[in-house]
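Asks: Sequence first, predicted coordinates after that:
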Amino acid sequence: MQNIPIALAEPGMALAREVKQADNSNAPPICGRGVILTEPLLERLKNMGIQTVTVEGHPVWVEGEKSLEELLSNLDRRFKKVEGNLLMDKLKDIYRTSIVISMGKHE
């Protein structure tokens, strides 16, 4: 999933999290998780002052974001000192899967 500015959201993207009012996060959600964005819905959200939405996958590249390859390389570097430790290897695999899924990829 990816949190993106509403200006980068496009019709056909699916919401990964519900959208709530910017000024009242305790209010009922405007849109639920799984809703497919449409042009009229995007306009409505913009008119309501919604700044960002969280969508499924990783459909857009945002300036300054790391690529999947960079994220996985950083993960390998961080776990380098504990290679061969079964518990740490399992933890690394869990993080790796999470990173891959968050970037909208499937292994």
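Replies: Nice, I can see it. Numbering: from 1, shown residues only.

Asks: could you pull out the helices for this structure?
Replies: With helices called from DSSP state H, the chain shows them at 39-47, 68-79, 86-102.

Asks: can I get these in JSON lines with mean neighbour count and mean pLDDT?
Replies: All C-beta spots, glycine's among them, are computed from the backbone N, C-alpha and C. Below are the helices of the chain laid out as JSON lines (neighbours: other C-beta atoms under 10 Å; pLDDT from 0 to 100):
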{"stretch": "helix 39-47", "mean neighbour count": "13", "mean pLDDT": "94"}
{"stretch": "helix 68-79", "mean neighbour count": "13", "mean pLDDT": "94"}
{"stretch": "helix 86-102", "mean neighbour count": "13", "mean pLDDT": "92"}
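
Asks: Columns distance to N24 on top of those helices, output as JSON lines?
Replies: Listed next are the helices of the chain as JSON lines, based on distance: least, C-beta to C-beta, whole Å:
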{"stretch": "helix 39-47", "distance to N24": "15"}
{"stretch": "helix 68-79", "distance to N24": "34"}
{"stretch": "helix 86-102", "distance to N24": "28"}
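
Asks: and of these, who's closest to Q2?
Replies: Q2 sits nearest to helix 86-102 of all those, at 7.6 Å, using C-beta to C-beta.

Asks: Now do the closest one against helix 68-79, angle only.
Replies: 160 degrees (axes from the mean of the first three to the mean of the last three C-alpha atoms, to 10 degrees).

Asks: Farthest from the middle of the chain: give me that residue.
Replies: Within the chain, G84 marks the point farthest from the mean C-alpha position, 30.8 Å out by C-alpha atoms, centre = their mean.
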